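Trainee: how does the following fold in three dimensions:
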Amino acid sequence: MNELLNKGLKVQSVKAWEWFIRLLGPYAIKNRHVVNDMLKILEQTFSDYNPQVQLASQIAWEGLIDSLIHPPVSSETCSSVIKSDGFTKGLKLIMTPLIGIISSKGDMSVRYSCLNTWRYLLRKLGSLINSPSVIKQALEPIFEAVFQTGAESESMSLWNFCIEIFENFILAKTRGMGYDLNDHLTLRWLPWDLNMLGFHIKMIDILISEAAKSTVKTETRSLICDTSLRLFKFILKGVQVELANQSRKYDETMLILKTVLSFVKKIAEDLTSKAWDCTSLLFLEAVITDLQPSILGCPLYKVAVDLGYINLVQYVKEGRHRRLRGISSITYMDMVSPVVYLTLLHFSVVFQSALDVLKVEFIIERVDKYLSFLFSSYDTWETLHVVIDILYEHPGSSFLNIWVATSKGLKNHIDGSNDNLLLKLEKDSFGYLSLCYLLSYPLVALRRLKESTEISELSIISSQMNLELACVIEVWRSLYSSVKVTSQAECAMKNSFPEDLSVILNGFFDENFSIYSSDQDLDFLSLCGGIVEQILITSLQGNGNEDNSNYRRSGGFSNSLDFAARFMQLAWTIRGTSVSIYLVTSRVFSELTRFVGQLHLKQDILLFMEIISSPLLLWLSHEDIQDKSTIQQLQLLWIKTLNNLQSCWPPLIFDSSFLKLQAPLLEKTLDHPVPTISEPTITFWNSTFGENIKLDYPQSLHHILDKLAREGRVNLHKKKSLPLEKCQSRLVTSKQNRVSKRVEFVEGGMNCLEENARELLGLKRKRLELTEHQKEVRRAQQGRGMDCSGHGPGIRTYTSVDFSQGNEESQDSQELRNTESILELLRNTH
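Mentor: Prediction:
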């Protein structure tokens, strides 16, 4: 063979080498010195520049495989064969030139022939191929070399060849579960165990790392990512089989979970940094969907939140804690369940990708799918808690689309839930508060728009917000309506949810009112207006106020009204000439009109006036409102408020103290330039305060009331004495039993009892007429000097003042005395 080689007959020399090594067969191991000498010949031919010589060397190498590899007869002897020193050395000897050829950039025919030789080795190994040590020596180096070479056109066949072998190895774990092997490779794969998980994960990592290279073509990258994801899902199926094993120990389960979570964390962080975050989201979805909730959601399995992105955004933690009262925060290195870890990792990728306009549609689609699965398969409120926790780490309008996807997913889940989801939600629980904070997020997002954006970018963002804002308001209304409709059954949040939500909204509003008002933020105002409308619509539902005949309950809406009042004040502050401001304000006025129309109890009306009076005064003071719809709705609100003040139960007492409270509003409305505001106010005055005889008029109303009184438009009752005969009475006395008997007061059908003396205020004195009984008494006084018993002059039971008709004309022109004079006269008479 050496002579043939020296003569240049290399191919013939290699063929002779193959014949001789096959003749040695199993004796080759015993004749190592002979084999070592022979190997020196192929060492030269493997590196020869002639491809034909290299191809011949590959074929000859199969003879050495036959001589050194002898698979065991039974499975019982596999372990002893693998542990034998000769087997390990022989396998290493066989693999050394194969790894070198595959890793080189030589002729493709030689490399492909090398893979055929390698496949021949795998077949020869039989069931030994499943041994971890064999995989480490025979499979891993070739996979690494081929996968790192890539899937470009010239090496595609090699890449596909190894992918097929790798896929069959993975699928062996789930054979008979709908995943069949490609039998034409005839490799004896057995179901792999936990020891092989690290190998599988490493191979997927190599594939992904290759795809992330900047030199890789887009088509090739997509192919590698799709293939890697498919293989990873097959691995997860096998992992689930391992986790379902009831004899699996706790430590082994934790090892599996940590291995998988560490891998997807690496994928997410590596690909996101290289702008391939879309692929990382698909890997995260695969884990959450393919592994059972009983494992990922189990509170016994805890992993540390070692996410670098979470650590990076912790600088806003203090401010967030101040806002999210009642909700615990998840911080860096906290111990959480696997599903919480995956959710944090998922949204870390999402928030880093949300600013890329080209990816927004795909990102939102993934968020929607991810949350839909989580809401239906895991604890809904724990999921929402995690989302809210990280969502509030990213306040800004750029992330409103993520809020929209989250809210839509929750709404669909609530609407489709068959287990009365909200009935299980207790007031003040973290789920309940998370729901309130979810509905409050848009206010926070818009607040950060002006803070975090350069002036040059505002016009671009503003045009985008015009489209997004309508969607945000619609989604907000939709989610809020679903919550309220579902919670109408008897549950903890039935009556309190609008109020508790308004508390949070008011808090955010107060913290940032100066920002909103100074920035002339019309988007924020429109959003607030839409929220106020919806809250007002539902805030009285369940309180007994929506039914006009039900007066048993009251209150329970003060926080909602507070939010409406804040909106009215902000709208007044930035009103300007914008049509959109007046449009949303008009709608809010309309809802307030409907709202106050449902209030019937005195304490409710007084509470409404206490909260709304200040912002309402601002709008009633504005005499130059150009928008007709706003003026009309403002008039209707004022008129409805006046009517309810008069019709509430128990009735209000329109005395000096109440007048003092209403003086600012009356000052602006009694002489308002708009007749549809002033005329109802004057009518209200004349039927309420104008009926009162004794009032202490506030100084601020003097000039208005003086003007209107001189014009004869308002009633101002002065203190004048009543005619004595108006409320005089007579006593009829029986001399025998000395018992006094009172006779009813007669005043044209009106009683003059002390407790009803106030009803005489403002009334004109009616002309009195004598009854038949009174006429008989008068005749008895004039014609008889003795009573019917002959005891002398009869005792006069009615005074002559009572029924004196001699001054009727003057009596008709006199006004009533004040209440104190009437009561004093009654006491003296009795």
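
Trainee: ranges for the helices of the stretch 251-400 of the chain?
Mentor: Assigned by DSSP state H, counting those that start in this stretch, the stretch 251-400 of the chain shows helices spanning 277-290, 293-296, 308-312, 317-323, 338-353, 360-377, 380-391, 400-416.

Trainee: now those helices as TSV including distance to Thr688?
Mentor: The way it works is simple: take the backbone N, C-alpha and C, and place the C-beta from them, glycine included. Below are those laid out as TSV (distance: least, Cβ to Cβ, whole Å):
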stretch	distance to Thr688
helix 277-290	66
helix 293-296	65
helix 308-312	63
helix 317-323	45
helix 338-353	59
helix 360-377	55
helix 380-391	50
helix 400-416	47
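
Trainee: got a markdown table for these, with mean pLDDT and mean neighbour count too?
Mentor: Output for those, formatted as a markdown table (pLDDT from 0 to 100; neighbours: other Cβ atoms under 10 Å):
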| stretch | mean pLDDT | mean neighbour count |
| --- | --- | --- |
| helix 277-290 | 92 | 21 |
| helix 293-296 | 94 | 16 |
| helix 308-312 | 83 | 15 |
| helix 317-323 | 48 | 13 |
| helix 338-353 | 93 | 24 |
| helix 360-377 | 92 | 18 |
| helix 380-391 | 91 | 23 |
| helix 400-416 | 92 | 20 |
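
Trainee: and of these, who's closest to Cys436?
Mentor: Taking Cβ to Cβ, helix 380-391 is the member of these nearest to Cys436, at 9.5 Å.

Trainee: got a list of contacts for that closest one?
Mentor: 310, 324, 327, 329-330, 339-340, 343-344, 347-348, 351, 371, 374-375, 399, 402-403, 406, 410, 413, 421, 425, 429-432, 434-435, 437-438, 441 (Cβ atoms under 8 Å, 6 or more residues apart in numbering).

Trainee: same check on stretch 136-150?
Mentor: Against stretch 136-150 from outside (Cβ under 8 Å, 6+ apart): 88, 91-92, 95, 98-99, 102-103, 115, 118, 121-122, 125, 129, 155, 158-159, 161-162, 165-166, 169, 199, 202-203, 206-207, 210, 213, 216, 220, 224.

Trainee: how far does that stretch sit from the chain's center?
Mentor: Taking Cα atoms, centre = their mean, to the nearest Å, one finds the center of stretch 136-150 at 47 Å from the center of the full chain.

Trainee: same deal with stretch 342-356?
Mentor: Counting by Cα atoms, centre = their mean, stretch 342-356 comes out at 16 Å from the chain centroid.

Trainee: touching that stretch from outside, list them.
Mentor: 261, 264-265, 268, 272, 275, 277-278, 280-281, 284-285, 287-288, 296, 305, 307, 309-310, 330, 336, 359-360, 363, 366-367, 370, 374, 383, 386-387, 390-391, 393-394, 398-399, 401-402.

Trainee: dump that stretch to CSV, keeping only the CA atoms.
Mentor: The C-alpha trace of stretch 342-356 is given here as CSV (Å, rounded to 0.1, in the frame of the first residue of the first chain):
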residue,chain,number,x,y,z
LEU,A,342,-42.7,33.7,31.5
THR,A,343,-45.2,36.5,31.5
LEU,A,344,-42.7,39.0,32.8
LEU,A,345,-40.2,37.8,30.2
HIS,A,346,-42.9,38.0,27.4
PHE,A,347,-43.9,41.5,28.2
SER,A,348,-40.3,42.6,28.6
VAL,A,349,-39.8,41.6,25.0
VAL,A,350,-43.1,43.3,24.0
PHE,A,351,-42.3,46.6,25.6
GLN,A,352,-38.9,46.7,24.0
SER,A,353,-40.4,46.0,20.6
ALA,A,354,-43.5,48.2,20.9
LEU,A,355,-41.8,51.3,19.6
ASP,A,356,-40.9,49.7,16.3
